[in-house]
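Engineer: The sequence and its predicted three-dimensional model are supplied below.
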Amino acid sequence: MKLILLGPPGAGKGTQAQRLIDRHGIPQLSTGDMLRAAVAAETEVGVKAKAIMDAGNLVPDEVVNAIVAERLAADDCSSGFILDGYPRTLKQADSLEALLDVRGQHLDHVIELKVDDDVLVKRVSGRFSCAKCGTVYHDEDRRPKNEGVCDNCGSTEFKRRPDDNAETMRSRLRAYYKETSPLVGYYHCKGTLRSIDGMAPIDEVTESIEQILR
Ligand code: ADP
Ligand code: ADP
Ligand code: ADP
């Protein structure tokens, strides 16, 4: 199954992707996670991407397209994948299509998570994640079951993203509406788009996605 989760920052793409990995045994390809790993490792890409990400702008298409091309070539992507946060521009969508064409693959579904801006800001402001396994939490809506202990891996270390603040969020939302939202029309025309209510509780959103995948 080849899937794109499309939606603004904080829509719940990562949260839903983490659940789909377990249920469907396919990898999550998050360009945000890949870029943050490059920043942490201080690679050439990471050094250039850091300032762009901290400002809430989009990393150049060529850079992200190259990262995804390399990742999609890995063995674990042969039977399926969940793209989370990619593509984010029409150029990226074209690059992805060319890449899949060469491999004789096609997308099964593009699932758009729709969430109002005021809720997105609240979600991103309260977001934190496990420093070890990356499980995503929220200060109010999604705390670990045992306070201070990751549900998934038992780690007691958590982290917050430097770009998860109200000011950077404004740039990220602007980038979304300007650069990424045209993809809704793009995939609608291709017949692969399904839009769902991302404002519902996490379990209900998962159920809406599963209904599409059935
Ligand atoms: P969110 O999950 O909040 O939408 P991501 O983790 O996907 O955020 O992305 C964080 C940042 O990484 C973005 O603001 C952008 O700077 C960069 N980034 C991630 N994916 C892409 C992409 N496909 N194209 C360009 N920049 C990207
Ligand atoms: P994205 O990957 O689209 O940026 P995340 O999955 O990281 O979004 O979710 C952003 C924040 O909102 C996280 O703190 C997460 O726990 C929370 N969240 C995700 N989905 C929901 C939901 N359906 N209802 C309430 N909070 C949610
Ligand atoms: P500014 O006036 O600072 O340039 P914008 O007009 O770009 O700001 O956008 C302000 C906010 O309005 C954005 O952060 C976003 O949340 C929201 N917004 C912008 N364009 C759209 C759109 N097409 N659909 C829905 N919300 C939008």
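Structural biologist: Structure received. Residues are numbered from 1 along each chain as shown. Ligands and ions are numbered 1, 2, ... in the order given.
Engineer: Just say helix, strand or coil for Leu83.
Structural biologist: Applying DSSP: H, G, I helix; E, B strand; the rest coil to Leu83 yields a three-state assignment of strand.
Engineer: confidence score at it?
Structural biologist: Per-residue pLDDT puts Leu83 at 98.
Engineer: Same check on Glu112?
Structural biologist: For Glu112, the model assigns a pLDDT of 98.
Engineer: Surely it touches Leu3?
Structural biologist: No: the pair Glu112 / Leu3 is not scored as a contact, 11.8 Å apart, by Cβ atoms under 8 Å. C-beta: built from backbone N, CA, C; applies to glycine.
Engineer: Which one of the two is surrounded by more residues?
Structural biologist: Leu3 (25 against 20; other Cβ atoms under 10 Å).
Engineer: For the more buried one, pull up the helix or strand it's in.
Structural biologist: Per DSSP states H and E, Leu3 falls inside strand 2-6.
Engineer: List the neighbouring strands of that strand plus their orientation.
Structural biologist: strand 81-84 (parallel), strand 109-114 (parallel) (DSSP bridges).
Engineer: Of those strands, flag the one that's most buried.
Structural biologist: strand 81-84 (a mean of 23; mean count of other Cβ atoms under 10 Å).
Engineer: do that strand and ligand 1 meet?
Structural biologist: No: figure legend: strand 81-84 not in contact with ligand 1 (Cβ under 6 Å from any ligand atom); closest approach 6.8 Å.
Engineer: still on that earlier bit, let me have the strands paired with strand 2-6 in CSV, adding distance to Ala55 as columns.
Structural biologist: Listed next are those as CSV, based on distance: least, Cβ to Cβ, whole Å:
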stretch, distance to Ala55
strand 81-84, 21
strand 109-114, 24
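Engineer: does Leu99 count as helix, strand or coil?
Structural biologist: Going by three-state DSSP: Leu99 is helix.
Engineer: tally of neighbours for the residue lying closest to it once chain neighbours are set aside?
Structural biologist: Among residues not flanking Leu99 along the chain, Ala69 sits closest, at 5.7 Å (Cβ to Cβ, 6 or more residues apart in numbering). By other Cβ under 10 Å, the residues close to Ala69 number 14.
Engineer: ok but Cys134 is inside a strand, no?
Structural biologist: If you look again at residue 134, you'll see it is Gly, not Cys. No: assigned with three-state DSSP, Gly134 falls outside any strand and is coil.
Engineer: That one contacts Asp33, doesn't it?
Structural biologist: Yes: if you go by Cβ under 8 Å, Gly134 and Asp33 touch, sitting 7.0 Å apart.
Engineer: what sits in contact with each of the two?
Structural biologist: The overlap between the contact sets of Gly134 and Asp33 (Cβ atoms under 8 Å, 6 or more residues apart in numbering) is empty.
Engineer: mind listing what the spatially most central residue of the chain touches?
Structural biologist: The C-alpha lying nearest the average C-alpha coordinate of the chain belongs to Asp84 (Cα atoms, centre = their mean; 2.9 Å). Taking Cβ under 8 Å, 6+ apart, we find Asp84 in contact with Leu5, Lys13, Gly14, Ala17, Gln28, Leu29, Ser30, Thr31, Gly32.
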